[in-house]
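Participant: Next comes the sequence, and after it the predicted model I'd like to discuss.
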Amino acid sequence: MAADPRKRQKQHARKVAKRKATLATKRPGVEAPGGMNAARLMRVAAVAPLHECLMGRDLFEMGIGTVVVSRELPNGRMGAAFFLLDVFCLGVKNADFLVAPREEYSWRLEHMMAHETLLPIAPEYARKLVEAAEAYARDLGFSPHPDYQLSRTILADIDATACPTTLTFGKDGQPFYVAGPYDTPQRVHNVLQTLTKRCGPDGFHYLLPLEGMDAWDDKALADERDGDEMVIEAEYTKLEG
């Protein structure tokens, strides 16, 4: 029997976090030739020819995945923005901008592809998807990653209105928050409070990790058997304070 998509999302979140840690220790982020800062580099990249747009194949099945938009700079380097999207709830969970040689860009993609299958998408779809995910989360009360505003500059000349695709966020008609492997109890508390204020106590779903579940002793937890997979389903009641 196929794994529950909620468990798969948690596994994918762990892989993404591990990937980010590896990239941070092994490779530089933004290279700035001639003293150019990140904002100026992005402005240059935003008017360069598009190279490719990619999206995680299982984004809407798992609820989390990456969108990549890259351009080829005049000096042959690549400018790319990487958006980690949570289309079930939180919108733009991470945003990262890279300017580096083509080999560095290819290395990053290869490393990502070890954990996530990326498929080509139309530029207008890429922009519509990223901005719509951010707007969905913002309406729920969640801000995008701090580097989103800089990274989204790479989308500036793409016409999202040319995309006819209708996008639907959340899961089964409601926001669905899956606590990440590094979400602290306070982070979970804040997210659930925000969702409760916006949607009401019965207007959303969420899933807590099995590991360290005793940290959430102010919520009732129940087991749900799904085939051969044991899923820990959180039944939200209330939060104090």
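Facilitator: Noted; the coordinates are in hand. Remember, it's a predicted structure, so these values are computed and weren't measured experimentally.

Participant: which non-adjacent residue is nearest residue 63?
Facilitator: Spatial nearest neighbour of residue 63, excluding adjacent residues (Cβ to Cβ, 6 or more residues apart in numbering): residue 88 at 3.6 Å. Every C-beta, even on glycine, is put in place using the N, C-alpha and C of the backbone.

Participant: Residue 178 is in contact with the one you found, correct?
Facilitator: Yes - in terms of Cβ atoms under 8 Å, residue 88 counts as a neighbour of residue 178; the distance is 6.8 Å.

Participant: Between the two, which has more neighbouring residues?
Facilitator: residue 88 (30 against 26; other Cβ atoms under 10 Å).

Participant: and stretch 187-200, how far from the chain's centre?
Facilitator: Going by Cα atoms, centre = their mean, to the nearest Å, the spacing between the C-alpha centre of stretch 187-200 and its chain's C-alpha centre is 19 Å.

Participant: now do stretch 172-180
Facilitator: 13 Å.

Participant: what about it, average pLDDT?
Facilitator: Averaging pLDDT along stretch 172-180 yields 94.

Participant: how about that stretch: buried residues?
Facilitator: 175, 176, 177, 178, 179, 180 (16 or more other Cβ atoms under 10 Å).

Participant: now, among the residues you listed, which is nearest to residue 146?
Facilitator: The closest of the buried residues of stretch 172-180 to residue 146 turns out to be residue 180 (Cβ to Cβ; 16.8 Å).

Participant: which element is the closest one on?
Facilitator: Using DSSP states H and E, residue 180 sits within no helix or strand.

Participant: State the distance from it to residue 104.
Facilitator: Relative to residue 104, residue 180 is positioned 27 Å away (Cβ to Cβ, to the nearest Å).

Participant: so where is the protein shaky, pLDDT-wise?
Facilitator: Per-residue confidence for the chain (pLDDT under 70) gives these ranges: 1-36, 210-241.

Participant: In terms of residue numbering, what are the domains of it?
Facilitator: 19-24+37-161, 176-235 (automatic domain parsing).

Participant: now the buried residues of stretch 172-180 as a markdown table including distance to residue 118?
Facilitator: Rendered in a markdown table, the data for the buried residues of stretch 172-180 read as follows (distance: Cβ to Cβ, whole Å):
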| residue | distance to residue 118 |
| --- | --- |
| 175 | 26 |
| 176 | 23 |
| 177 | 25 |
| 178 | 21 |
| 179 | 25 |
| 180 | 21 |
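
Participant: nearest to residue 209, of the residues you listed?
Facilitator: residue 179 (5.7 Å).

Participant: Ramachandran angles for that closest one?
Facilitator: Residue 179 adopts backbone torsions of phi -60, psi 130, taken as degrees, to the nearest 10.

Participant: Repeat that for residue 97.
Facilitator: phi -120, psi 130.

Participant: ok, it - contacts?
Facilitator: 29-30, 38, 41-42, 79-82, 147, 150-151, 154 (Cβ atoms under 8 Å, 6 or more residues apart in numbering).

Participant: re earlier: checking the residue nearest to residue 63 next. Helix, strand or coil?
Facilitator: Secondary structure, DSSP: H, G, I helix; E, B strand; the rest coil: residue 88 is coil.
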